[in-house]
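>>> Any chance you could fold what I've pasted below:
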Amino acid sequence: MRILITNDDGIHGPGLTALEKIAAAISDDVWVVAPAEEMSGAGHSLSLSNPLRYRKLGERRFAVSGTPTDCVVMAVRKIMPAMPSLILSGVNRGQNIADDVTYSGTIAAAMEGTMLGIKSIAMSQVIGMFDNGITFAVATQHGADIVKKLVAMEFGPGVLMNVNFPDCRPDEVAGIDVTVQGKRDQNYLTVDERMDARGTPYYWLGFARERGNPPAGTDLNAVFNKRISITPLHMNLTQVDALLALKKVFG
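Numbers count the residues shown, from 1 in each chain. Purely as a prediction, here's the structure:
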């Protein structure tokens, strides 16, 4: 099985090392094509106004001067000798759950793979909920077994899998939940105003680490309870109930 791995934390992101270990437990034909710089929050963006360049850093290891989506396109259309059978994106440094999925470059890479007809899985490591440090031990220990089971499945057209590992020690993982995408019940996107040396304000966007009270069955609830969350996401964003209501109005 030929596996393409990528991320949005960049070619030197620590989660990429964890993902390489996961992929190596499944196949010896693993290709790494990742952004040259960190691209967190890039979403499903393409570099259309700037040229792309890539550097070969080793055998089957490349850095692309673009977004995670660019990396998948370059890997499949230019760099790799043949189409991969599987795309693994991550392991992201931080959760991609609930509202996060629309910002995530990690999930966007899996989306692009899905659009190309390649089975794709996004993987993220929750941080900051229980432990103060950043560790990928849960992902490293449990990731390969989960991927093997997912690979054996038929996803169906336009479907990708979103896996989030809880912020705890591997022996504290309480299980695996198949979940729906949740919805945060608090305002979690913040704007931090600071001042530069010339007295001019500048701003950092960030995420508050407030815990809400998510319902059972959601990705939020799973990781809050130290469980691995697996959520099937669909590329078709049509809202069926609204579609029916529109048809009644516009015939």
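>>> and V151, backbone torsions?
V151 adopts backbone torsions of phi -60, psi -30, taken as degrees, to the nearest 10.
>>> How about the contacts made by the residue lying closest to it once chain neighbours are set aside?
Nearest in space to V151, with sequence neighbours left out and distances taken as C-beta to C-beta, 6 or more residues apart in numbering, is L86 at 6.2 Å. For the C-beta atoms, the positions are set from N, CA and C on the backbone; glycine is no exception. Going by C-beta atoms under 8 Å, 6 or more residues apart in numbering, L86 touches 1-4, 118-121, 147, 151.
>>> Now do the strands in this structure.
Remark: strands assigned in the chain by DSSP state E are 2-6, 29-35, 54-58, 61-64, 86-93, 119-125, 159-165, 176-178, 189-195, 201-207, 228-234.
>>> Now the third one: buried residues?
For strand 54-58, burial by neighbour count (16 or more other C-beta atoms under 10 Å) applies to Y54.
>>> Which strands border that strand, and is each parallel or antiparallel?
Under the criterion DSSP bridges, strand 54-58 sits next to strand 61-64 (antiparallel) in its sheet.
>>> What is the neighbour count of the closest residue to I146 other than its chain neighbours?
Closest residue in space to I146, ignoring its immediate chain neighbours: V163 at 6.1 Å, by C-beta to C-beta, 6+ apart. Neighbourhood size, V163 [other C-beta atoms under 10 Å]: 26.
>>> Then P14?
13.
>>> Give me the pLDDT value at it.
P14 is assigned a pLDDT of 93 by the prediction.
>>> how long is stretch 142-160 end to end?
19 Å (C-alpha to C-alpha, to the nearest Å).
>>> what's in contact with it?
So stretch 142-160 is contacted by 1, 18-19, 21-22, 25-26, 86, 88, 91, 107, 110-111, 113-114, 119-123, 161, 163, 165, 170, 173, 176, 228, 230, 232-236 (C-beta under 8 Å, 6+ apart).
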